[in-house]
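K.L.:
Here is a sequence with its predicted model. Questions after.
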Amino acid sequence: MRLLFLGDVVGRAGRVAISERLPDLIRKHHLDFVVVNGENAAGGFGITEEILQDLISAGADCVTTGNHVWDQREALQFADRYDRFLRPINYPPGTPGRGSNVYTARNGARVLVINVMGLLFMQALDDPFQAVSRELAACSIGHGCDAVVIDIHAEASSEKQAMGHFLDGKASLVIGTHTHVPTADWRILSGGTAFMTDVGMCGDYDSVIGMEKDEPLRRSTTKIAGGRLAPAQGLAALSGLMVETDDTTGLARRLAPLRIGPVLDPAEPDFGDAR
Ligand SMILES: [Fe+2]
Ligand SMILES: [Fe+2]
(Lines give C-alpha, C1' and ligand atoms only; values in the text may rest on other atoms or scores of the structure.)
(Ligands and ions follow the chains in the order given, each with its own letter.)
Protein backbone atom coordinates (compact mmCIF):
# COMPACT_ATOMS: atom_id res chain seq x y z
CA MET A 1 0.00 0.00 0.00
CA ARG A 2 1.16 3.48 -0.73
CA LEU A 3 0.53 6.31 1.75
CA LEU A 4 1.13 10.04 1.54
CA PHE A 5 1.19 12.24 4.63
CA LEU A 6 1.14 16.02 4.05
CA GLY A 7 2.08 18.48 6.79
CA ASP A 8 0.06 21.30 8.32
CA VAL A 9 -1.81 23.25 5.63
CA VAL A 10 -1.36 26.97 6.35
CA GLY A 11 -3.94 29.41 5.02
CA ARG A 12 -5.16 29.99 1.50
CA ALA A 13 -1.74 29.50 -0.07
CA GLY A 14 -1.50 26.01 1.42
CA ARG A 15 -5.07 25.15 0.44
CA VAL A 16 -4.51 26.24 -3.16
CA ALA A 17 -1.37 24.09 -3.40
CA ILE A 18 -3.33 21.09 -2.09
CA SER A 19 -6.26 21.52 -4.45
CA GLU A 20 -4.00 22.14 -7.46
CA ARG A 21 -1.54 19.31 -6.86
CA LEU A 22 -2.97 16.55 -4.68
CA PRO A 23 -5.37 14.99 -7.23
CA ASP A 24 -2.50 14.62 -9.73
CA LEU A 25 -0.16 13.23 -7.07
CA ILE A 26 -2.73 10.56 -6.15
CA ARG A 27 -2.99 9.45 -9.79
CA LYS A 28 0.69 9.73 -10.63
CA HIS A 29 1.97 7.83 -7.60
CA HIS A 30 -0.90 5.32 -7.28
CA LEU A 31 -1.63 6.52 -3.75
CA ASP A 32 -3.96 4.31 -1.73
CA PHE A 33 -4.35 6.59 1.26
CA VAL A 34 -3.68 10.26 2.02
CA VAL A 35 -3.53 12.01 5.40
CA VAL A 36 -3.38 15.82 5.59
CA ASN A 37 -2.90 17.84 8.76
CA GLY A 38 -5.39 20.71 8.50
CA GLU A 39 -4.99 22.53 11.83
CA ASN A 40 -3.89 25.84 10.24
CA ALA A 41 -5.95 25.69 7.06
CA ALA A 42 -8.35 28.55 7.93
CA GLY A 43 -6.31 31.77 7.94
CA GLY A 44 -3.57 29.97 9.87
CA PHE A 45 -5.86 29.16 12.77
CA GLY A 46 -8.06 26.10 12.80
CA ILE A 47 -10.32 24.73 10.11
CA THR A 48 -13.86 25.40 8.91
CA GLU A 49 -16.36 22.84 7.67
CA GLU A 50 -16.11 24.19 4.13
CA ILE A 51 -12.33 23.90 4.14
CA LEU A 52 -12.52 20.40 5.57
CA GLN A 53 -14.82 19.43 2.71
CA ASP A 54 -12.40 20.98 0.20
CA LEU A 55 -9.47 18.99 1.58
CA ILE A 56 -11.51 15.78 1.41
CA SER A 57 -12.59 16.63 -2.17
CA ALA A 58 -8.96 17.13 -3.15
CA GLY A 59 -8.16 13.61 -1.96
CA ALA A 60 -7.52 13.66 1.78
CA ASP A 61 -8.85 10.41 3.27
CA CYS A 62 -8.21 11.69 6.78
CA VAL A 63 -7.64 15.23 8.07
CA THR A 64 -5.71 15.41 11.34
CA THR A 65 -5.23 18.48 13.53
CA GLY A 66 -3.44 19.64 16.69
CA ASN A 67 -3.41 22.47 19.20
CA HIS A 68 -5.23 24.81 16.76
CA VAL A 69 -8.13 22.41 16.21
CA TRP A 70 -10.78 24.57 17.94
CA ASP A 71 -9.56 28.01 16.78
CA GLN A 72 -12.58 28.16 14.47
CA ARG A 73 -15.38 27.54 16.94
CA GLU A 74 -17.55 25.84 14.32
CA ALA A 75 -15.17 22.85 14.54
CA LEU A 76 -16.74 22.04 17.91
CA GLN A 77 -20.04 21.59 16.06
CA PHE A 78 -18.94 19.64 12.99
CA ALA A 79 -16.24 17.44 14.60
CA ASP A 80 -18.71 14.66 15.48
CA ARG A 81 -20.25 14.63 12.01
CA TYR A 82 -17.12 13.88 9.98
CA ASP A 83 -15.52 10.44 10.19
CA ARG A 84 -12.55 11.79 8.27
CA PHE A 85 -11.81 14.53 10.81
CA LEU A 86 -9.55 13.80 13.77
CA ARG A 87 -8.54 15.90 16.78
CA PRO A 88 -5.82 14.83 19.22
CA ILE A 89 -6.94 11.73 21.10
CA ASN A 90 -5.55 12.81 24.46
CA TYR A 91 -7.95 15.70 25.08
CA PRO A 92 -10.17 15.20 28.17
CA PRO A 93 -13.08 12.74 27.98
CA GLY A 94 -16.14 14.43 26.53
CA THR A 95 -14.22 16.54 24.00
CA PRO A 96 -16.13 16.67 20.68
CA GLY A 97 -14.95 14.57 17.76
CA ARG A 98 -12.63 11.58 17.76
CA GLY A 99 -8.90 11.05 18.00
CA SER A 100 -8.64 7.89 15.93
CA ASN A 101 -10.54 6.00 13.30
CA VAL A 102 -10.20 3.09 10.88
CA TYR A 103 -10.56 3.90 7.18
CA THR A 104 -10.75 1.79 4.05
CA ALA A 105 -7.98 2.71 1.64
CA ARG A 106 -8.36 2.65 -2.15
CA ASN A 107 -6.77 -0.83 -2.26
CA GLY A 108 -9.24 -2.16 0.32
CA ALA A 109 -6.79 -2.15 3.25
CA ARG A 110 -8.01 -0.95 6.65
CA VAL A 111 -5.93 1.93 7.97
CA LEU A 112 -6.02 3.00 11.62
CA VAL A 113 -5.05 6.67 12.01
CA ILE A 114 -4.35 8.13 15.46
CA ASN A 115 -3.82 11.85 16.06
CA VAL A 116 -2.06 12.50 19.37
CA MET A 117 -0.50 15.60 20.93
CA GLY A 118 2.79 15.84 22.79
CA LEU A 119 3.08 17.39 26.25
CA LEU A 120 6.45 19.17 26.19
CA PHE A 121 5.94 22.94 25.67
CA MET A 122 2.30 22.17 24.85
CA GLN A 123 -1.01 22.04 26.73
CA ALA A 124 -1.18 19.61 29.64
CA LEU A 125 -3.27 16.83 28.11
CA ASP A 126 -3.51 13.14 28.99
CA ASP A 127 -0.37 11.06 28.55
CA PRO A 128 0.16 10.55 24.79
CA PHE A 129 1.97 7.23 25.17
CA GLN A 130 -0.80 5.70 27.28
CA ALA A 131 -3.45 7.07 24.93
CA VAL A 132 -1.84 5.50 21.86
CA SER A 133 -1.22 2.21 23.71
CA ARG A 134 -4.89 1.93 24.59
CA GLU A 135 -5.90 2.41 20.95
CA LEU A 136 -3.43 -0.16 19.68
CA ALA A 137 -4.57 -2.66 22.31
CA ALA A 138 -8.03 -2.44 20.76
CA CYS A 139 -6.92 -2.40 17.10
CA SER A 140 -3.53 -3.43 15.78
CA ILE A 141 -1.98 -4.58 12.52
CA GLY A 142 -3.45 -7.99 11.75
CA HIS A 143 -6.11 -7.58 14.43
CA GLY A 144 -8.63 -5.05 13.16
CA CYS A 145 -6.50 -3.15 10.69
CA ASP A 146 -3.79 -3.61 8.05
CA ALA A 147 -1.78 -0.43 8.62
CA VAL A 148 -1.37 2.16 11.36
CA VAL A 149 -0.52 5.86 10.91
CA ILE A 150 0.29 8.05 13.92
CA ASP A 151 0.36 11.87 13.71
CA ILE A 152 2.31 13.02 16.79
CA HIS A 153 1.63 16.73 16.98
CA ALA A 154 4.36 18.06 19.23
CA GLU A 155 6.91 20.81 19.75
CA ALA A 156 9.82 18.73 21.03
CA SER A 157 11.83 16.57 18.64
CA SER A 158 12.76 14.33 21.58
CA GLU A 159 9.14 13.50 22.36
CA LYS A 160 8.39 12.75 18.72
CA GLN A 161 11.39 10.47 18.40
CA ALA A 162 10.46 8.73 21.66
CA MET A 163 7.00 8.06 20.21
CA GLY A 164 8.59 6.65 17.06
CA HIS A 165 10.70 4.17 18.99
CA PHE A 166 7.83 3.41 21.39
CA LEU A 167 5.72 2.28 18.44
CA ASP A 168 8.49 0.75 16.33
CA GLY A 169 7.17 -2.47 14.84
CA LYS A 170 3.57 -1.62 15.78
CA ALA A 171 2.89 1.25 13.38
CA SER A 172 3.40 1.65 9.64
CA LEU A 173 4.25 5.32 10.06
CA VAL A 174 4.92 7.61 13.00
CA ILE A 175 5.26 11.19 11.82
CA GLY A 176 5.62 14.51 13.60
CA THR A 177 3.65 17.66 12.83
CA HIS A 178 3.35 21.17 14.38
CA THR A 179 6.77 22.81 13.85
CA HIS A 180 6.05 23.55 10.16
CA VAL A 181 9.68 22.79 9.25
CA PRO A 182 10.57 19.47 7.57
CA THR A 183 13.37 17.48 9.15
CA ALA A 184 15.88 15.46 7.12
CA ASP A 185 15.67 12.27 9.20
CA TRP A 186 13.03 10.23 7.36
CA ARG A 187 13.92 6.60 7.80
CA ILE A 188 12.67 3.12 8.60
CA LEU A 189 13.34 2.30 12.25
CA SER A 190 14.87 -1.07 13.17
CA GLY A 191 11.46 -2.64 13.85
CA GLY A 192 10.04 -1.60 10.48
CA THR A 193 8.16 1.62 11.27
CA ALA A 194 8.59 4.60 8.93
CA PHE A 195 9.49 7.72 10.88
CA MET A 196 10.15 11.44 10.35
CA THR A 197 10.53 13.88 13.26
CA ASP A 198 8.52 16.60 11.50
CA VAL A 199 6.94 16.54 8.07
CA GLY A 200 6.91 20.34 7.65
CA MET A 201 3.99 22.39 6.35
CA CYS A 202 2.07 22.98 3.16
CA GLY A 203 2.37 26.75 3.00
CA ASP A 204 4.46 29.72 1.90
CA TYR A 205 7.96 29.05 3.22
CA ASP A 206 9.04 32.68 2.61
CA SER A 207 7.60 33.40 6.06
CA VAL A 208 7.93 32.63 9.75
CA ILE A 209 6.42 29.13 9.94
CA GLY A 210 3.81 30.11 7.36
CA MET A 211 2.95 33.57 8.71
CA GLU A 212 3.76 36.94 7.15
CA LYS A 213 7.10 38.02 8.55
CA ASP A 214 6.37 41.54 9.85
CA GLU A 215 4.40 40.66 12.97
CA PRO A 216 6.61 37.74 14.12
CA LEU A 217 9.65 40.01 13.66
CA ARG A 218 7.98 42.79 15.64
CA ARG A 219 7.10 40.43 18.46
CA SER A 220 10.56 38.87 18.47
CA THR A 221 12.44 42.15 18.50
CA THR A 222 10.19 44.39 20.65
CA LYS A 223 8.31 41.80 22.76
CA ILE A 224 5.15 43.78 21.96
CA ALA A 225 2.36 42.35 19.82
CA GLY A 226 1.45 44.88 17.15
CA GLY A 227 -1.38 43.10 15.43
CA ARG A 228 -2.72 39.81 14.27
CA LEU A 229 -0.65 37.07 12.74
CA ALA A 230 -1.68 36.44 9.13
CA PRO A 231 -0.69 33.63 6.78
CA ALA A 232 1.90 34.52 4.13
CA GLN A 233 0.25 34.70 0.73
CA GLY A 234 3.06 33.77 -1.63
CA LEU A 235 3.15 30.50 -3.54
CA ALA A 236 3.07 27.54 -1.18
CA ALA A 237 5.22 24.43 -1.19
CA LEU A 238 3.79 21.05 -0.32
CA SER A 239 5.84 19.09 2.18
CA GLY A 240 5.10 15.46 2.90
CA LEU A 241 6.33 11.91 3.16
CA MET A 242 5.42 9.01 0.89
CA VAL A 243 5.58 5.53 2.37
CA GLU A 244 5.12 2.12 0.80
CA THR A 245 4.04 -0.57 3.25
CA ASP A 246 4.13 -4.35 3.04
CA ASP A 247 0.60 -5.68 2.56
CA THR A 248 1.24 -8.63 4.90
CA THR A 249 3.11 -7.05 7.81
CA GLY A 250 1.79 -3.48 7.45
CA LEU A 251 5.33 -2.23 8.07
CA ALA A 252 7.32 0.13 5.86
CA ARG A 253 9.22 -1.09 2.81
CA ARG A 254 10.43 2.25 1.47
CA LEU A 255 9.83 5.93 1.93
CA ALA A 256 10.77 9.24 0.38
CA PRO A 257 10.10 12.90 1.16
CA LEU A 258 7.96 15.06 -1.09
CA ARG A 259 8.69 18.77 -1.44
CA ILE A 260 7.02 20.56 -4.34
CA GLY A 261 6.99 24.33 -4.68
CA PRO A 262 9.19 27.34 -4.07
CA VAL A 263 11.91 27.87 -1.44
CA LEU A 264 12.46 24.25 -0.36
CA ASP A 265 14.89 22.01 -2.21
CA PRO A 266 12.53 20.05 -4.50
CA ALA A 267 12.00 16.34 -3.98
CA GLU A 268 9.46 14.00 -5.53
CA PRO A 269 9.45 10.29 -4.70
CA ASP A 270 10.26 7.89 -7.52
CA PHE A 271 9.20 4.35 -6.68
CA GLY A 272 9.67 3.30 -10.30
CA ASP A 273 6.09 3.31 -11.55
CA ALA A 274 5.08 6.96 -11.62
CA ARG A 275 2.68 7.71 -14.47
FE1 LIG B 1 0.51 23.68 12.67
FE1 LIG C 1 0.27 22.92 16.01
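P.N.:
In hand now; what should we look at? Predicted, not measured: the structure shown is a model, and the values here were computed from it. Residues are numbered from 1 along each chain as shown. Ligands and ions are numbered 1, 2, ... in the order given.

K.L.:
Just say helix, strand or coil for I51.
P.N.:
helix (DSSP: H, G, I helix; E, B strand; the rest coil).

K.L.:
can you tell me which residues contact the residue lying closest to it once chain neighbours are set aside?
P.N.:
Once flanking residues are discounted, I51 sits nearest to A41: 4.9 Å by Cβ to Cβ, 6 or more residues apart in numbering. The C-beta positions use only the backbone N, C-alpha and C, and glycine is treated the same way. A41 makes contact with V9, V10, G11, G14, R15, I47, T48, I51, L52, L55, according to Cβ atoms under 8 Å, 6 or more residues apart in numbering.

K.L.:
Check L86 too.
P.N.:
So L86 contacts 62-65, 97-101, 113-115, 151 (Cβ under 8 Å, 6+ apart).

K.L.:
try it again with 7 Å
P.N.:
L86 makes contact with C62, V63, T64, T65, R98, G99, S100, N101, V113, N115, according to Cβ atoms under 7 Å, 6 or more residues apart in numbering.

K.L.:
mind checking pLDDT for it?
P.N.:
We note a pLDDT of 99 for L86 in this prediction.

K.L.:
now the nearest residue to it once chain neighbours are set aside: how far from L6?
P.N.:
Leaving aside its chain neighbours, L86 sits nearest to N115 (4.1 Å; criterion: Cβ to Cβ, 6+ apart). Separation of N115 from L6 (Cβ to Cβ, to the nearest Å): 14 Å.

K.L.:
burial count for V174?
P.N.:
Counted with other Cβ atoms under 10 Å, residues neighbouring V174 total 28.

K.L.:
in which helix or strand would I find it?
P.N.:
Assigned by DSSP states H and E, V174 belongs to strand 173-177.
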